[in-house]
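In: Show me the folded form of this:
(2 chains)
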Number of protein chains: 2
Amino acid sequence: MRIGIDAMGGDGAPAMCVAGAVLSRDLLADGDRIVLVGDESAIHEHLPAGAEWEDIIEVYHASEVISMGESPIEALRGKPDSSMAVLAELHKRGKVDAMISAGNTGACVAAAQMRLRRLDAIYRPGITILTPTYRGPVAISDVGANVNCRPQHLQQYAIMSSEYLAGMCGIENPRVGLLSIGEEDAKGNSLVKNTRELIKDDSRINFIGNIEGRDLFSGVCDVMICEGFVGNVVLKLIEGMSIGVIQGMLKEMAAAMPDQAANIARSGKSVMGKYDFNEYGGAPLLGVAGICIICHGASNERGIMNAVRGAKEFSSHQINQRIVKLVSEG
Amino acid sequence: MRIGIDAMGGDGAPAMCVAGAVLSRDLLADGDRIVLVGDESAIHEHLPAGAEWEDIIEVYHASEVISMGESPIEALRGKPDSSMAVLAELHKRGKVDAMISAGNTGACVAAAQMRLRRLDAIYRPGITILTPTYRGPVAISDVGANVNCRPQHLQQYAIMSSEYLAGMCGIENPRVGLLSIGEEDAKGNSLVKNTRELIKDDSRINFIGNIEGRDLFSGVCDVMICEGFVGNVVLKLIEGMSIGVIQGMLKEMAAAMPDQAANIARSGKSVMGKYDFNEYGGAPLLGVAGICIICHGASNERGIMNAVRGAKEFSSHQINQRIVKLVSEG
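Out: Reported below is the predicted structural model:
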């Protein structure tokens, strides 16, 4: 398997992308290769001296970089030789079997959508992210690929995420909740009401009904579907809040038990680790005919390495084939 | 001032509503009265023996109850003698100067909107809630009154919430952020983009630009505006998550420091207290010509008492007059 990484994407690029590639050695099977796409000299600067990486890493030059703040479509049009555009093109031409980027999410989604076909019968790709909770991971979809969702899109996000969770985590028949503002049928906006009607009798979806924001942490569902604007807000809120609450707690604890500083710091670190996105290996853009893994912009080398692991598992568990099969049963 | 309480609203009604009213004695000035609206005999059952409440509490009978799961409009139409409908009617007729309910939020919003006029020039009332964060309270508006928001509605939520925060908390010139999925102009959905255009040069709003979910906890803004569906999701997510994260942390700490169980429990309780909605006295429905305070369904007597305090302060700080004045400057 050949796994392409956008070496110029993310806050720590290219250093952390290169380091993540090097760190991935143990995940690779014979013949597997990582292709770092981006500015050749910048990448080489960060590769270890000697050449002990040459058996697993190739470098593919791209002269331009799309930054985090750029408008996705304009950036892709204006920078055809950007690492993002070149990586997607390599995937399209079969030169890599997966693409990973910690860069501009919108540009990554747009590049994958423009270059790769959609899977059969899929209307709109969506990003599915595994969120750590105290009662186990919950998949949230969509978290930002699609801010103009229709009920049919949410229906497919439910199906795709269910297959992703079943295939990757072994959770059979995942319970799907529809994010709303009350459990009753009558609550929510028109998108939620129409989606509920569409999926409530869909035998491909283990639909448990409407859920509320708090239910993400109550263990009632394995998959939460929502439109991309709401999903992205939720995702970033969780990120900001977990850190905020934990910091407040640590401060309080340290004041109450001044002689336990070391224990408190250690426990805090352990809890923070459970909310560390770097352990979760990025989020797939489901629905494209390929493997596109989107990483957090602040990913470190472990985040990139875990995305490589994710791409490998996505392939070996045949997630796309599973999705196409289930969708076609509708 | 006469403050009406829906005695039948909320998970612990009528007991906790009655207890909250009794607990409010110290907040009341000479001549202030609390009017408990609901089933007369059920209310009397929970009033203290003797009659030491008679100087501050009146009971107004209403024979019907709207439950939490009912469809708001249908419930109000079908139950004209419900405590909620009667309370709103009393407010309309000037028999009370404020209404407080921990019952069905949708029904409370609908009752207030149907019975009370809107403030001059206000298009749609919205619920503003003060959310505790590690860096101080942030007002979020709307959190569920309006799931069909237009840019003009969000503009007014910004103005009304700013006046509420300035008047109630003394925060001058509150910084307003527009909840989106990226700080850049180009990101977000059409509602966000159009709202941004509308408010960016509005001199009545101290607009700091688009914010993301995580910024709610980063101390960059005092007011966060969003449409009601997103706001309600955010609100409930915060509630579920703060408890989930804190519980996880306490468990971790207890395992690491078995001899510190008492200290850990005490610190945990202190942190939980900062996220206890009962301390925040309910959320006003801003934009109606009256005072309507909506409490959490799981409010206890302290939650109700703090809502009484909120109603008193809303009145004494002349929040509605401030709002009308600022809106008219547009």
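In: Report the distance from stretch A:124-140 to the chain centre.
Out: Averaged C-alpha coordinates place stretch A:124-140 at 9 Å from its chain's average position (CA atoms, centre = their mean, to the nearest Å).
In: Is that stretch in proximity to chain B?
Out: Yes. Stretch A:124-140 reaches chain B (CB under 8 Å from any CB of the partner chain) through A:133-134. For the C-beta atoms, the positions are set from N, CA and C on the backbone; glycine is no exception.
In: List the buried residues in that stretch.
Out: Residues A:124-134, A:137-140 are the ones in stretch A:124-140 that count as buried (16 or more other CB atoms under 10 Å in any protein chain shown).
In: can you check stretch A:235-255 too?
Out: Applying 16+ other CB under 10 Å to stretch A:235-255 flags A:235-246, A:248-250, A:252-253 as buried.
In: Strands of the stretch 51-200 of chain A, start to end?
Out: Taking DSSP state E, counting those that start in this stretch as the test, the strands found in the stretch 51-200 of chain A are A:57-61, A:98-101, A:126-131, A:138-141, A:175-179.
In: so what does the fourth one touch, helix or strand wise?
Out: What it means is strand A:138-141. If contacts are counted by 3 or more CB pairs under 8 Å, 6 or more residues apart in numbering or on different chains; DSSP states H and E, strand A:138-141 sits against strand A:126-131, helix A:151-169, strand A:223-225, helix A:228-256.
In: who wins for proximity to residue A:316 among the ones you listed?
Out: helix A:151-169 (9.4 Å; CB to CB).
In: Quick one: mean pLDDT over that closest one.
Out: When pLDDT is averaged over helix A:151-169, the result is 97.
In: any residue of it up close to chain B?
Out: No. Helix A:151-169 does not reach chain B (CB under 8 Å from any CB); its nearest approach is 13.8 Å.
In: Kindly provide the distance from the residue nearest the centre of chain A to chain B.
Out: What sits nearest the mean C-alpha location of chain A, by CA atoms, centre = their mean, is residue A:283, with 1.0 Å. Per CB to the nearest CB, to the nearest Å, residue A:283 is found 14 Å from chain B.
In: Now tell me what touches the lowest-mean-pLDDT helix or strand in chain A from outside.
Out: In chain A, no helix or strand scores lower on mean pLDDT, DSSP states H and E than helix A:261-274, which sits at a mean of 81. Helix A:261-274 is touched from outside by A:132, A:242-243, A:246, A:249-250, A:253-254, A:257, A:279, B:245, B:248-249, B:252-253, B:256-257, B:260, with contacts defined as CB atoms under 8 Å, 6 or more residues apart in numbering or on different chains.
In: Close to chain B: what parts of the stretch 51-200 of chain A are there?
Out: A:69, A:71, A:106, A:133-134, A:144, A:147-148, A:179, A:181-184, A:186-189, A:192.
In: on that earlier part again, also near chain B: which of the buried residues of stretch A:235-255, exactly?
Out: For chain B, the contacts drawn from the buried residues of stretch A:235-255 by CB under 8 Å from any CB are A:235-246, A:248-249, A:252-253.
In: What is the most widely separated pair among the residues you listed?
Out: So, these by CB to CB: farthest apart are A:235 and A:253, at 27.5 Å.
In: where does chain A have low pLDDT?
Out: A:185-186 (pLDDT under 70).
In: Report the angle between the least confident helix or strand of chain A and helix B:228-256.
Out: Using axes from the mean of the first three to the mean of the last three CA atoms, to 10 degrees, the inter-axis angle of helix A:261-274 relative to helix B:228-256 is 140 degrees.
In: Give me the sheet partners of the next helix or strand after helix A:261-274 and which way each runs.
Out: Proceeding N to C from helix A:261-274, the next assigned helix or strand is strand A:283-286, under DSSP states H and E. When sheet partners are counted by DSSP bridges, strand A:283-286 sits next to strand A:126-131 (antiparallel), strand A:292-294 (antiparallel).
In: export the strands of the stretch 51-200 of chain A to JSON lines and tack on distance to residue B:26?
Out: As requested, those are exported to JSON lines (distance: least, CB to CB, whole Å):
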{"stretch": "strand A:57-61", "distance to residue B:26": "71"}
{"stretch": "strand A:98-101", "distance to residue B:26": "60"}
{"stretch": "strand A:126-131", "distance to residue B:26": "44"}
{"stretch": "strand A:138-141", "distance to residue B:26": "45"}
{"stretch": "strand A:175-179", "distance to residue B:26": "42"}
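In: thinking again about what came up before, ok, which pair from the buried residues of stretch A:124-140 is furthest apart?
Out: A:124 and A:134 (31.7 Å).
In: re the thing from before, please name whichever of the helices and strands packed on strand A:138-141 is nearest to residue A:119.
Out: Nearest to residue A:119, of those and by CB to CB, is helix A:151-169 at 8.5 Å.
In: Relative to the whole chain's centre, how far out is the closest one?
Out: 14 Å.
In: which other helices and strands contact that helix?
Out: Checking 3+ CB pairs under 8 Å, 6+ apart, helix A:151-169 ends up next to strand A:126-131, strand A:138-141, strand A:175-179, helix A:190-199, strand A:223-225, strand A:283-286, helix A:301-316, helix A:319-328.
In: Can you show me the CA trace of the third one as PDB?
Out: This file holds the C-alpha atoms of strand A:175-179, laid out as PDB (Å, rounded to 0.1, in the frame of the first residue of the first chain):
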ATOM      1  CA  ARG A 175     -26.800   2.500  17.500                       C
ATOM      2  CA  VAL A 176     -27.500   5.700  15.500                       C
ATOM      3  CA  GLY A 177     -28.900   8.900  17.100                       C
ATOM      4  CA  LEU A 178     -30.100  12.000  15.200                       C
ATOM      5  CA  LEU A 179     -28.900  15.100  16.900                       C
END
